[in-house]
Each structure stands twice: as structure tokens, then as C-alpha cells.
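1. I need the structure of the sequence given here:
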Amino acid sequence: MSETDQRISYFPLEEMDEAMFAEIERCAREGTPRPESSAVRAHSKVAFWAFADSWASLFRAGVVEHALKELCRVYVSRSVKCEYCGNQRSSEAQRSGLSEATMSDLLNFESSDAYDERQKAALAYAEAITWRLSPDDAFWERLHAHFTEEELVELACFISLTMGQQSWIRLLNIDHLQVMARDSASLAPGLESAEALAAARSDEHYWAAKP
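-> Below is the predicted model of the structure:
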């Protein structure tokens, strides 16, 4: 088996029940997550719905602004090198004004002018969780200056959920436009087709280029 072979298959669409198929269609229509990762999770109904329900509550709902969660999600993608997840963008976050320009400096967020202090605090939180840091009292004082305890719990649970999923998904060798390929919802700008994805991967500056 080569390093490009898919490790777990997509569960057949025709074998899904009505509710599961409707969720896959929603993924294709709205994206983030897109349908391929959901079609892998569909091998286990328990896992499928545990993720779908948690994602709906933590990513698309809650008290923390969606665009801030999207920044943290893409930060995790860049950190764990989940190419599949990192090539998605939340349409809702883009509609709220989160631009593609804000994604390029995520791993250097502390020194970047692209983020405000609340965003930097959230990204520091994502950094500490993702990289298993041991932050000091000043770190927590910073977080409490920008977030309520309700927000801190919600944000941590979201970061933890996306970090766990992306750490797994990066191993699967799945790709976009393989399930319900007619839809390109939530693909990052410039990556909306298989040809565009291939062209991006041939660029030496591609963010997920393999050494």
C-alpha cells in the first residue's frame, strides 16, 4: 500500500439511512465538514452522530463567535498538518468578514498585525492545547481578560474536538470532491476543483507541502 492510498473507505451513500444521508447532503451543500470525512465516520453510526451533533453545538452554535472558532480550527489544521481540513473554509465565517488573508499568518499569530488581542488570546489557547504547553498564571490572566468562563469552556471543547478529529483525519489520505463531487462548498478560495487542488500541490510554497 502506498502513502497515497485511502486507509478507510467511504461508507456507500446508498446504504445510509435517511437521516444520515440528509446530513451528508448538508455537508456537501454547506461544508466544514465536507462530505468525505463524514462518509468515513458513517461506518459507525455512533461515531457519525456523536461528531455531527457535537460539531453542530460547538462550531455552528454556542456563545463564542463563529469566526473566532474558525481561526482556531484552521490553526489546528496548520499545526497538525491535516491537509483535508486545512483546505476548507467556513462560509459562515467568510460572510461575517473573516478574510483569507487572516489565514496565512496563523502559526506566527503573536507577532502578526492580522489579529486583534481577543483573537490572539484564543489562538494562544489553541496553541497551548494543541502543543500540550504548560502555561503560567499570566496566560490565564490573559484569557480571563478576554473571555468569560463559559466561553473558555466552550472554546476549549471545540478546539479539543477539532484537534482530535484532524489528528486522525490527516492519516486517512482522503481528499475533496470524492463524495457528492458536484458541490465545492467551503473549499478554500482557489481550490474549488480537482485541477486547482493539483496545481496548488505542485507549488513549492503550498502550505501542506510534504518534505
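
2. ok, longest helix in the chain?
-> Longest helix in the chain, counting residues (DSSP state H): helix 149-169.

3. quick check: what element follows that one along the chain?
-> Next helix or strand after helix 149-169 toward the C-terminus (DSSP states H and E): helix 194-201.

4. buried stuff in that following helix?
-> 196-197, 200 (16 or more other CB atoms under 10 Å). For every residue, glycine as well, the C-beta is placed using N, CA and C.

5. returning to what we had before: now do the longest helix of the chain: everything it contacts.
-> For helix 149-169, the external contacting residues (CB atoms under 8 Å, 6 or more residues apart in numbering) are 37, 40, 51, 54-55, 58-59, 62-64, 68-69, 72-73, 76-77, 80, 82, 84-85, 122, 125-126, 129-130, 143-144, 147.

6. list buried residues within those residues.
-> Buried residues within those, counting neighbours by 16+ other CB under 10 Å: 37, 40, 51, 55, 58-59, 62, 64, 68-69, 72-73, 76-77, 80, 82, 84-85, 122, 125-126, 129-130, 143, 147.

7. so Ser96 touches Lys69, yeah?
-> No: under the criterion of CB atoms under 8 Å, Ser96 makes no contact with Lys69, lying 11.1 Å away.

8. pretty sure Tyr125 is touching His144, no?
-> No: Tyr125 is beyond contact range of His144, at 11.2 Å (criterion: CB under 8 Å).

9. relative to its centroid, which residue of the protein is most remote?
-> In terms of distance from the mean C-alpha position of the chain, Asp137 ranks first, at 29.0 Å (CA atoms, centre = their mean).
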